[in-house]
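Q: A predicted structure for the sequence below; I have some questions about it.
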Amino acid sequence: MGVQGCLKCVKYLLFAFNFVFWICGSAVLGVALWLRFDPNTKDIFSSPDSPSNFLVGVYVLIGAGALMMLIGFLGCCGAIQESQCMLGTFFFCLLVVFAAEVAAGIYSINNKDKIPQEFKEYYSSLYLQYLKDKSDSIKTALIAFHKGLNCCGTGKLSSAFSSLDPGLCPNAKNFLEAVVNPDMDCNSRIDDIFSQRVYIIAAVGIGVGVVMVFGMVFSMLLCCAIRQSRAYI
């Protein structure tokens, strides 16, 4: 005899939650793989001077996406089949992800100034190296930065002179535009992006954490209900 009454609603709510969780995991994995292998960004990772936080972040996203898909699968199957084993595994995995999210949040708060600084130092080193040897591989990495961040150069004058190099500064049509446009500075652009996105990322993280807590509570309720229903058979 399966669960009845309100707990049956919990069963289908848990299934719906995990189906959405699985879709979100697929999206996270897809975006992470796209960042890692897209022609516009892969050159940034291939450089030996790439910022470690950037590389680690993308690989963490790949692992998180795959784990979210696994958790979603376990939760869906555990809810529909009323499997205590699957629900218990689902609860444990969700608890691990929740703990990892809290740890990542603490790490991000402690390094909120270090991460954008690493990006700026990496970009500046690439830019200076390109001015010295005009390497095609470095130029490709710079173009990836410029397209992704909609910027060019380390300051107004550097942006202007970069616009004279064909293809290096794709968003500046001419020398004058690069001088006048305040958004062409990549260092300022990096600071703006991190300062603007930090609250959005924090809000999303809190929202995901709350949803995870509800998922763990529902899974335990359903697991206990399954155990009780089988005890009466």
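A: Sure thing, it's come through.
Q: tell me the buried residues in stretch 86-99?
A: Buried positions in stretch 86-99, judged by neighbour count with 16 or more other CB atoms under 10 Å: 86-87, 89-91, 93-94, 97-98. Every C-beta, even on glycine, is put in place using the N, C-alpha and C of the backbone.
Q: biggest helix in this structure, by residue count?
A: helix 186-231 (DSSP state H).
Q: middle-most residue in this structure, spatially?
A: residue 61 (5.3 Å; CA atoms, centre = their mean).
Q: wait, that residue sits on residue 32?
A: Yes - if you go by CB atoms under 8 Å, residue 61 and residue 32 touch, sitting 3.6 Å apart.
Q: any residues in contact with both of those two?
A: Common neighbours of residue 61 and residue 32 (criterion: CB atoms under 8 Å, 6 or more residues apart in numbering): none identified.
Q: follow-up on the earlier one: output the buried residues of stretch 86-99 in CSV; the columns should cover distance to residue 119 and secondary structure.
A: Formatted as CSV, the buried residues of stretch 86-99 follow (distance: CB to CB, whole Å; DSSP: H, G, I helix; E, B strand; the rest coil):
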residue, distance to residue 119, secondary structure
86, 42, helix
87, 42, helix
89, 38, helix
90, 37, helix
91, 37, helix
93, 32, helix
94, 32, helix
97, 27, helix
98, 28, helix
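Q: many thanks, have a good one.
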